[in-house]
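Undergrad: How does the following fold in three dimensions:
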Amino acid sequence: MSRIGRLPISVPAGVDVKIADNLVTVKGPKGELTQQFSKELSIEVEDGAVKVARPSDNKNHRALHGLTRSLIANMIEGVTNGFSKTLEIDGVGYRAAKQGNNLVMNLGFSHQVIVPEIDGITIDVPQPNKIIVSGIDKQVVGQIAAEIREKKQPEPYKGKGIHYLGEHIIRKEGKAGKGKK
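TA: Residues are numbered from 1 along each chain as shown. From the prediction side, this is the model:
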């Protein structure tokens, strides 16, 4: 049996979980998330905890078991605390600013790169070289952060570009010096 899938998910106070035909709706202080799960699995709320069970040990059921449990746990975590990703910008003249609902970045191109905010996702710029993407849906927060990072990925020689906070960029050595034959 799945070690992750069999763990019950405790539902904190102030969070309401409703299950109707494997359509899970989680309502909490930060908002509401809804997701449809496979009808083959059984999802139940018992004694203030959500439990996921699978009908058999077949490979597909085992794969869905842990995944379903993790997705529901992320939904509950999202409506209580939310998720955030922090990005850093490295490079001379590279900076970001917030203009209305848009993130405007100068990344060494001849034009500014503009990323609009999406419903349910907030983009903050506490410093010109730091961007914080936050929201209640873990998947959407990660996707938006990845799209922002994609605008100017860190290059391996000087490390200039946009990277996640704490991300290790593998550096390459530059050209070999003169005189070697």
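Undergrad: Chain neighbours aside, what residue packs nearest to the residue most central in space within the chain?
TA: Compute the mean C-alpha point of the chain, and by Cα atoms, centre = their mean the closest residue is Gly142, 2.7 Å away. Nearest residue to Gly142, sequence neighbours excluded (Cβ to Cβ, 6 or more residues apart in numbering): Lys85, at 6.5 Å. Where you see a C-beta, it was placed from the backbone N, CA and C, and this is true even at glycine.
Undergrad: correct me, but that neighbour touches Ile132?
TA: Yes - assessed by Cβ atoms under 8 Å, Lys85 is found in contact with Ile132 at 7.5 Å.
Undergrad: Of the two, give the one with the bigger neighbour count.
TA: Taking other Cβ atoms under 10 Å, Lys85 and Ile132 do not tie; Lys85 has more neighbours (20 against 16).
Undergrad: State the distance from the residue nearest to the centre of the chain to Lys152.
TA: The gap separating Gly142 from Lys152 is 18 Å, by Cβ to Cβ, to the nearest Å.
Undergrad: Over to Gln35?
TA: Gln35 sits 33 Å away from Lys152, going by Cβ to Cβ.
Undergrad: More neighbours: which of these two?
TA: Lys152 (20 against 16).
Undergrad: could you show me where the strands are in the chain, in order?
TA: Secondary structure of the chain (DSSP state E): strands located at 9-10, 16-20, 23-28, 31-36, 42-46, 49-53, 83-90, 95-99, 102-106, 113-116, 121-127, 130-135, 161-164.
Undergrad: ok, and what's touching stretch 132-148?
TA: Stretch 132-148 is contacted by residues 30-31, 33, 74, 77-79, 82-87, 103, 115, 118, 120-126, 131, 162, 164 when judged by Cβ atoms under 8 Å, 6 or more residues apart in numbering.
Undergrad: Kindly report the same for stretch 52-66.
TA: 1-6, 37-38, 40-44, 68-69, 72.
Undergrad: hey, C-alpha coordinates of it in PDB?
TA: Provided in PDB are the C-alpha atoms of stretch 52-66 (Å, rounded to 0.1, in the frame of the first residue of the first chain):
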ATOM      1  CA  VAL A  52      -8.100   8.200   0.200                       C
ATOM      2  CA  ALA A  53      -8.500   4.500  -0.500                       C
ATOM      3  CA  ARG A  54      -7.800   2.400  -3.600                       C
ATOM      4  CA  PRO A  55      -9.900  -0.600  -4.800                       C
ATOM      5  CA  SER A  56      -6.900  -2.800  -5.800                       C
ATOM      6  CA  ASP A  57      -3.100  -3.100  -6.000                       C
ATOM      7  CA  ASN A  58      -3.100  -2.700  -9.700                       C
ATOM      8  CA  LYS A  59      -0.300  -0.300 -11.000                       C
ATOM      9  CA  ASN A  60      -2.700   2.500 -12.100                       C
ATOM     10  CA  HIS A  61      -4.500   2.500  -8.800                       C
ATOM     11  CA  ARG A  62      -1.200   2.600  -6.800                       C
ATOM     12  CA  ALA A  63      -0.100   5.600  -8.900                       C
ATOM     13  CA  LEU A  64      -3.300   7.500  -8.500                       C
ATOM     14  CA  HIS A  65      -3.500   6.800  -4.700                       C
ATOM     15  CA  GLY A  66      -0.500   8.900  -3.600                       C
END
